[in-house]
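*Asks:* next come a sequence and a model predicted from it.
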Amino acid sequence: MPVINRIADYTNDMTAWRRHLHTIPELMFECHQTAAFVVERLREFGITEIHEGIATTGIVAIIEGQGGGPTIGLRADMDALPMQEETGLDYASTIDGMMHACGHDGHTTMLLGAARYLTETRNFKGRVALIFQPAEESGGGGEVMVNEGILERFDIKEVYALHNAPGTPVGHFYTTPGPIMAAADDFDIHITGKGGHGAMPHETADPVVAAVSIAQAIQTIVSRNNYSQDHLVISVTQIHTGSADNIIPEKAYVNGTVRTFDRAVQGMVMARLEAIVAGAALSFGVEAELVYNVGYPATINDPERTIFAADVAREIAGDNGVIDDNGPEMGAEDFAYLLEKRPGSYLFVGNGETAGLHHPEYNFDDETAAAGASFFARLIERALPV
């Protein structure tokens, strides 16, 4: 079947919701206006069990089905990004320096559409837990909600989420069993040498040379220390130092990101970074400190639930509209924290030929909302049949 007819009837409402949310982007845990809008809609739908203030602005709302049964969690993220919008839309961000450049306004809308339908029909047993989460982009709102006990408190047995995918046809889906998104760590390297005159380098301990050497050596971790079949990305993304052409500075700073799927690979990277930084300090006569920050873990889909979720997606998009073995991506996602504790699956839904995620001209395609809402609704009806 294609998009559920009743959800198609909500198209104008969902478009209005999404575009309103697009005008009021909020960062990290401070999604106060967004959360208030979500709660207002949920109450309009007739949902009475609404729990607010989880992870500051997170929400869990419960829809009761027809009779007893397990609880399945559906999650949407709500936060935006700290960047300036350049779309020129008449519903562009009204907040300077903030933008919904990753489509979380659309994700929230998809879950609201599914919530409205499921509340009207209740064509399922058990319960649905609607999880509206802040701070996916940074801050780990998913981890905070897990640590605040939502899975146990609401007896959630399985969890599912969607993310829009620019470059994939609107309403098409893709996923993969097992690892689908990488763990995302970052590192900071602080180098302290002895500054001096650029014409007299022999009187200094040059942190610039040490920083460049460290950045080059880091590139050998992937090419010379990692088995080629193990996914690994290390990118040096910042080097800051110096103030003038004739001054050798005292300090330098190197920063980067590490993306892995395997904890053993992650441990190897940490050990090699320590060795490289220590070796450079000794070689160049400087002090160098490595700070390694462990971030979101890898997002790992439950294979059985992913096969099921892909089958549900085929009801919406047809056989040719679903790829169920797309393989892993090196981006990261804090839905990983929920999947560490409960089986479930993370899927992508096509957003058409739009600008890419985190681009100042990105915009969520409103036609995607009906496909995503239909997927969530059919998943519940299939997983919890009356």
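*Replies:* The structure has been received and is ready for your questions.
*Asks:* make it CA atoms for all contacts and neighbour counts henceforth
*Replies:* Will do.
*Asks:* give the buried residues for the longest helix along the chain.
*Replies:* Longest helix of the chain, by residue count under DSSP state H: helix 263-284. Using 16 or more other C-alpha atoms under 10 Å as the test for burial, helix 263-284 gives 265-266, 269-270, 272-274, 276-278, 280-281, 284.
*Asks:* and for stretch 39-59?
*Replies:* In stretch 39-59, counting by 16+ other C-alpha under 10 Å, buried: 39, 41-42, 45, 47, 52, 54-59.
*Asks:* where does the stretch 251-386 of the chain have low pLDDT?
*Replies:* Low-confidence segments of the stretch 251-386 of the chain (pLDDT under 70): none present.
*Asks:* can you give me the strands for it?
*Replies:* Counting by DSSP state E, counting those that start in this stretch, the segments of the stretch 251-386 of the chain that form strands are 251-260, 287-296, 299-301, 322-323, 344-350.
*Asks:* just checking, what packs against the third one?
*Replies:* Same thing as strand 299-301. On a contact count with 3 or more C-alpha pairs under 8 Å, 6 or more residues apart in numbering; DSSP states H and E, strand 299-301 meets strand 178-181, helix 336-341, strand 344-350.
*Asks:* coming back round to it: quick one: the strands of the stretch 251-386 of the chain as JSON lines, columns for mean neighbour count and distance to His100 too.
*Replies:* JSON lines is the format used below for these (neighbours: other C-alpha atoms under 10 Å; distance: least, C-alpha to C-alpha, whole Å):
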{"stretch": "strand 251-260", "mean neighbour count": "21", "distance to His100": "23"}
{"stretch": "strand 287-296", "mean neighbour count": "18", "distance to His100": "21"}
{"stretch": "strand 299-301", "mean neighbour count": "26", "distance to His100": "23"}
{"stretch": "strand 322-323", "mean neighbour count": "21", "distance to His100": "26"}
{"stretch": "strand 344-350", "mean neighbour count": "25", "distance to His100": "17"}
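*Asks:* which one of these lies nearest to Val159?
*Replies:* strand 344-350 (4.7 Å; C-alpha to C-alpha).
*Asks:* sheet partners, orientation included, of that closest one?
*Replies:* Strand 344-350 pairs in its sheet with strand 156-165 (parallel), strand 173-174 (antiparallel), by DSSP bridges.
*Asks:* which one of those strands is the most hemmed in?
*Replies:* Of all the strands paired with strand 344-350, strand 173-174 has the most neighbours on average by mean count of other C-alpha atoms under 10 Å, namely a mean of 26.
*Asks:* that one - what's its average pLDDT?
*Replies:* Per-residue pLDDT values over strand 173-174 give a mean of 98.
*Asks:* ok, and what's touching that strand?
*Replies:* The contact list for strand 173-174, computed with C-alpha atoms under 8 Å, 6 or more residues apart in numbering, reads 310, 313, 317, 321-326, 347-350.
*Asks:* between the residues you listed, which is nearest Glu381?
*Replies:* Closest to Glu381, out of all of the contacts of strand 173-174 and judged by C-alpha to C-alpha, is Ala313, at 12.7 Å.
*Asks:* rewinding a little: got the buried residues of helix 263-284 as TSV, with distance to Val209 columns?
*Replies:* Shown next, in TSV, are the buried residues of helix 263-284 (distance: C-alpha to C-alpha, whole Å):
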residue	distance to Val209
Val265	28
Gln266	27
Val269	22
Met270	22
Arg272	19
Leu273	17
Glu274	18
Ile276	14
Val277	13
Ala278	14
Ala280	9
Ala281	11
Phe284	8
